[in-house]
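Q: Return atomic coordinates for the entry below.
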Amino acid sequence: MRSLRRALLILVLVILAVPALYGLAALILGSLPAPHRDPLPGKDTVPVYLLSNGWHVWLALPVKEGEGEQATDWTEWLPPTDFAADVSGRDYIAFGWGDRAFYLHTRRPADFRPDLALFALLGRGPAAMHVMRLPEPDPTDGDVRRIDADPLQYHALVSYIRRGFALGPDGRPQQITGAAYSGTDAFYQAVGRYSPLRTCNEWIGAALRSAALRAGLWTPFPFGLMN
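A: Below is the predicted model of the structure:
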């Protein structure tokens, strides 16, 4: 009987220790900046933004940027007709990545469902890309972080985001029909699977690190990105 009690106590301690150690690792690694650099001197910079709702972060870029062969025009990949509302005048486009089922059914924290969260943590379902058209964000908003990227850093972000879409036979993103929070956003099939190590916010952190922009070493939570 004592052996059984001891085993149960050890099991309980392990169950309690895992989330505590996870949170501690997230706090430490999210506070330590990954290698990054300032924009190259003498180069124009592109303002990109991080947007947070307190538990999820999106990366917002200009819809159109640059000229000639170096130009980026997201409407060629994600046309305005993908959105139910008129998105003209919304000059920024924001991207977020995550578990498809959790994403589609959890618009707000009030929509949280433990079963969907557990399913996502187990990495059982496919991923989705959430895309929003919006005006240029206000950097004075406490839930917004502005980042100035030089052309090399900006194009690294663009390449990273494009690799996150699961493309169809025509080489274009595959929209998830009927899935949206409003008329100015849409969902698309994405590559990869959500896990405790690769969360929606860590996907954003990896994007910033790929472009040598400031982010935490590991960013499963927003504070490793927004602070």
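
Q: all contacts plus neighbour counts: C-alpha atoms, from now on.
A: OK.

Q: Tell me the first helix or strand C-terminal of the lowest-mean-pLDDT helix or strand in the chain.
A: Confidence across the helices and strands of the chain bottoms out at helix 114-121, with a mean of 61, counting by mean pLDDT, DSSP states H and E. Toward the C-terminus, helix 114-121 is succeeded by strand 127-134 as the next helix or strand (DSSP states H and E).

Q: so how far is that following strand from its chain's centroid?
A: 9 Å (CA atoms, centre = their mean, to the nearest Å).

Q: Please name the strands paired to it in the sheet, noting orientation.
A: Using DSSP bridges, the strands paired with strand 127-134 are strand 92-99 (antiparallel), strand 185-190 (antiparallel).

Q: now these in a markdown table, with distance to Lys43, mean pLDDT and mean neighbour count?
A: Converted to a markdown table, the strands paired with strand 127-134 look like this (distance: least, CA to CA, whole Å; pLDDT from 0 to 100; neighbours: other CA atoms under 10 Å):
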| stretch | distance to Lys43 | mean pLDDT | mean neighbour count |
| --- | --- | --- | --- |
| strand 92-99 | 21 | 96 | 24 |
| strand 185-190 | 32 | 97 | 23 |
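
Q: can you tell which of the ones you listed is closest to Ile147?
A: strand 92-99 (13.8 Å; CA to CA).

Q: neighbouring contacts of that closest one?
A: Residues outside strand 92-99 that contact it (CA atoms under 8 Å, 6 or more residues apart in numbering) are 57-63, 74, 120, 123, 125-136, 161, 190, 193-194, 199-200, 203-204.

Q: immediately after it, which helix or strand?
A: Next along from strand 92-99, by DSSP H and E: helix 100-105.

Q: returning to what we had before: list buried residues within the contacts of strand 92-99.
A: Among the contacts of strand 92-99, those buried by neighbour count (16 or more other CA atoms under 10 Å) are 57-63, 74, 120, 123, 125-134, 136, 161, 190, 193-194, 199-200, 203-204.

Q: Strands along this structure, start to end?
A: Here the chain has its strands, by DSSP state E, at 46-52, 57-62, 64-65, 72-73, 92-99, 127-134, 144-149, 185-190.

Q: So which elements touch the second one?
A: In this case it means strand 57-62. Packing contacts for strand 57-62, counted by 3 or more CA pairs under 8 Å, 6 or more residues apart in numbering; DSSP states H and E, involve strand 46-52, strand 92-99, helix 200-210.

Q: Looking at the ones you listed, spot the one closest to Ser182.
A: Judged by CA to CA, the one of the helices and strands packed on strand 57-62 that comes nearest to Ser182 is strand 92-99, at 14.0 Å.

Q: got the CA coordinates for that closest one in PDB?
A: Only the C-alpha atoms of strand 92-99 are listed here, as PDB (Å, rounded to 0.1, in the frame of the first residue of the first chain):
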ATOM      1  CA  TYR A  92      -1.600  45.800 -44.500                       C
ATOM      2  CA  ILE A  93      -2.000  42.100 -44.400                       C
ATOM      3  CA  ALA A  94      -1.500  40.100 -41.200                       C
ATOM      4  CA  PHE A  95      -0.600  36.400 -40.900                       C
ATOM      5  CA  GLY A  96      -1.000  33.900 -38.000                       C
ATOM      6  CA  TRP A  97      -0.500  30.100 -37.900                       C
ATOM      7  CA  GLY A  98      -2.000  27.500 -35.700                       C
ATOM      8  CA  ASP A  99      -3.900  24.300 -35.300                       C
END
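
Q: and it, how far from the chain's centre?
A: Worked out by CA atoms, centre = their mean, strand 92-99 lies 5 Å from the chain centre.

Q: ok and that strand relative to strand 57-62, angle-wise?
A: Orientation of strand 92-99 against strand 57-62 (axes from the mean of the first three to the mean of the last three CA atoms, to 10 degrees) gives an angle of 150 degrees.
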